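**Student:** Build me a model from this:
(2 chains)
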Amino acid sequence: MNAKGRVHKFGDNVDTDVIIPARYLNTASHKELAAHCMEDIDAQFVNKVQEGDIMVAEKNFGCGSSREHAPIAIKASGISCVIASTFARIFYRNSINIGLPILECDEAAREIRDGDTVSVNFDTGVITDETTGKTYQAEPFPEFIQNIISKGGLINSILS
Amino acid sequence: MGMTMSQKILAAHAGLDEVKAGQLINAKLDMVLGNDVTSPVAINVFEENGATAVFDNTKIAMIMDHFTPNKDIKAATLVKQTRTFAGKYDIKNFMDVGMMGIEHALLPEKGLVGPGCLCIGADSHTCTYGALGAFSTGVGSTDMAAGMISGKAWFKVPSAIKFNIVGKPQGYVSGKDVILHIIGEIGVDGALYKSMEFAGEGLQYLNIDDRLCIANMAIEAGAKNGIFPVDDITRAYCDGRYQGTPVEYTADEDAEYDAEYTVDLSTLRPTVAFPHLPENTRTVDEIGENEVKIDQCVIGSCTNGRISDLRAAAEVFKGKKVAKGVRCIIIPGTQSIWLQAMHEGLFDIFIEAGAVVSTPTCGPCLGGHMGILAAGERAISTTNRNFVGRMGHVDSEVYLASPAVAAASAVKGYITDPAKV
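**Tutor:** Predicted coordinates:
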C-alpha cells in the first residue's frame, strides 16, 4: 500500500479541539465532521485539501480529547496519511482502529515542508520527499498492530 | 525485574504472571464507558459490523453528560440513539438526565470503579479512576465498541514515571495545584505513553477529591494513566460503595521507572495554567495585580466539580460578591454532590455572591453549552484544558486553576491569590 500527495504542515501539540472543535461533535456524520476539519488552526484547510494529500506535524499530534471524530474528520477530508514526530496515545490508537495510516518519524516530520510532494510506502515505512529528493525511514508497526490493520481494523480483527 | 502498580493490574487482567513495558497484551475489562458524544460513534461501529450482543450488560456505562440537558436537536438525536441502544441491550448503567452526573465524578461515586479494576472509557479523562488504585485509561469509540462486544481491549504495557509526594501543603494549595505544577515541570507530552505513579508520605494530605483531580489530568501530560496506591483514604471512600471486589496492588520494590520526581507539597503555591496549553503554568505570585482581567469564571467539571471543590469555592465567596462584569457559573458534578452542596448551604453563598448554579453537565468545559466565550473574552476555569477555542470562540482564552483561585479571581475580576481576597 502506498500514498502520495501534497503536504499540509503543522507544528507541535496539535490538539483534537483544533482538529475538530467540540461545537461540531453533535454529529457522528463523517462528511459533516470533514467539513470542519482543522477549522480552528487553519480555517482554509478544507478548501485546500485534495484527495490523497498528506498531513505532517511535529510532536504530540492529536493530544487532548479521545474523540475518534478527530481521525475520522482527517480521513474523511481526503488525507491519506499523517506523519508526525510523535502522536498522542489515544489518537494513535484511534487511527489504527479506524484505518487512518499514521507514521512516526521525527526527522521527516521536522524537515518536510508545507506544499512538498511526499510519497509513502507503508510496507517498508520509507517516506520520500519528492520535492527535495530526500528519503526517511519510519518505524514499522509491531506485528500485533499490523495484524489489526491487515484485517481491516479492530472490529474485524476481533470478529474474525 | 519488578513490576509497577499499573503493570501488575494489566498482568492480572491478561492472565499473565508478568508483563514488561512495551509488551502488547489483550486484557479483560471490568468496565467499558462512553458518553453522549462518543457512545453514538461506538454504537454505529457496533451495528455496522453486525454485532448482536454485549459481553456483559452490567459492565458497560453510558453517561449522557457532555451536551445534556440536550443543547440542540442534533445532540438530542445522539442521546436518543444511545437511549434506544441501551434499552435494546438492557445496559444497566445508562444514565440520562435526572440520574446522570459528569461521568468521572459519577462512576467513582456510584461504586462502578474501584481498587484493582481495569477500565477503558471513550473519554480521555477516564484516567481519573487511577485515584482509586484502578488501571483506567481513555480510548476511542472503536475501542469502546470492541470492548462492548468482547469484554477485552489491547494494550501496550506502559513504562512509568514515579512521583514521590512529600511534605504538607500550605494554605490554599489543592490537588489542582499539584497536577498543574507537575504538568508545568514535565510538559504536555512529558509522560507520553507512560503511567504516572504517585507515591510517598505526602499522599496522606491529599483527600480523595484531590487525588481524583490529579489522576484526571494525567492525560494532560500525555500519560496513559495516573495511579495512586490504595491506602486508608481510598478504603474509607470505596468501602461499602464499590460494587466489585477491591484488589489492592502495590508496585514491586524493584520496579523500574523511566524517571523519578519528588514533589514537595510544602513548597507549592496556587498555580494557574495560561493559554493555550496546560504546561504554561505560573504561580499566583508570578501574576501581577490586575494583570489578567476575566469575563467569566467556571467552577465544575470532571476535574473540580466535587464537594471539596464546591466547599473551597464557597469558603472564598462567603460574604463576598462576584465582581461587576464577571459571569460566574458553578456546576456540581453529580446529582448527589448537588444535593449535598444544597444541604450544606453552599448554594446560598453562591447565589448571594451573584454566581449561578447549573445542573451537572460538562457544558462549557469543551465549549459545548452553558457558558460559551465570545471573541476576545477570558475565563478562569477549574476545568482541564485551555487549548485554542476550547470554551468557545477561537480568539477566546481559558486560564486553568483550582476552585479557590477561580473563586478569588471572580471576586476581584482578575486572576489573584485567594489569600488576597
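
**Student:** For residue 133, the count of nearby residues, please.
**Tutor:** This is for chain A. 7 (other CB atoms under 10 Å in any protein chain shown). Placement of C-beta: from N, CA and C, glycine included.

**Student:** Switch to chain B, please.
**Tutor:** 28.

**Student:** Could I get the contacting residues of it?
**Tutor:** Going by CB atoms under 8 Å, 6 or more residues apart in numbering or on different chains, residue B:133 touches B:5, B:114, B:115, B:116, B:227, B:228, B:229, B:230, B:234, B:246, B:248, B:249.

**Student:** Give me the secondary structure label for the last one.
**Tutor:** Secondary structure of residue B:249, reduced to three states by DSSP: H, G, I helix; E, B strand; the rest coil: coil.

**Student:** The fourth one now?
**Tutor:** Residue B:116 carries the three-state label coil when classified by three-state DSSP.

**Student:** if I look at the closest residue to it other than its chain neighbours, how far off is chain A?
**Tutor:** Counting by CB to CB, 6 or more residues apart in numbering or on different chains, residue B:116 lies nearest to residue B:247, which is 3.1 Å off, once chain neighbours are set aside. Per CB to the nearest CB, to the nearest Å, residue B:247 is found 25 Å from chain A.

**Student:** that older thread, can I get the buried ones among the contacts of residue B:133 as something I can paste into PyMOL?
**Tutor:** To isolate the buried subset of the contacts of residue B:133 in PyMOL, counting by 16 or more other CB atoms under 10 Å in any protein chain shown, use the following:
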select buried, chain B and resi 5+114+115+116+227+228+229+230+234+246+249
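
**Student:** can you redo the contacts of residue B:133 as JSON lines with pLDDT?
**Tutor:** Listed next are the contacts of residue B:133 as JSON lines, based on pLDDT from 0 to 100:
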{"residue": "B:5", "pLDDT": "98"}
{"residue": "B:114", "pLDDT": "98"}
{"residue": "B:115", "pLDDT": "98"}
{"residue": "B:116", "pLDDT": "98"}
{"residue": "B:227", "pLDDT": "98"}
{"residue": "B:228", "pLDDT": "98"}
{"residue": "B:229", "pLDDT": "98"}
{"residue": "B:230", "pLDDT": "98"}
{"residue": "B:234", "pLDDT": "98"}
{"residue": "B:246", "pLDDT": "98"}
{"residue": "B:248", "pLDDT": "98"}
{"residue": "B:249", "pLDDT": "98"}
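
**Student:** Can you tell me which of the contacts of residue B:133 lies closest to residue B:39?
**Tutor:** Closest approach between those and residue B:39, by CB to CB: residue B:114, at 22.6 Å.

**Student:** Not counting sequence-adjacent ones, nearest residue to the closest one?
**Tutor:** Leaving aside its sequence neighbours, residue B:114 sits nearest to residue B:242 (CB to CB, 6+ apart; 3.1 Å).

**Student:** That neighbour reaches residue B:111, doesn't it?
**Tutor:** Yes - in this structure, residue B:242 is within contact of residue B:111 by CB atoms under 8 Å, at 4.5 Å.

**Student:** Compare these two (neighbour count), which wins?
**Tutor:** residue B:242 (22 against 16).

**Student:** contacting residues around the more buried one?
**Tutor:** Residue B:242 sits next to B:111, B:113, B:114, B:115, B:132 when contact means CB under 8 Å, 6+ apart.
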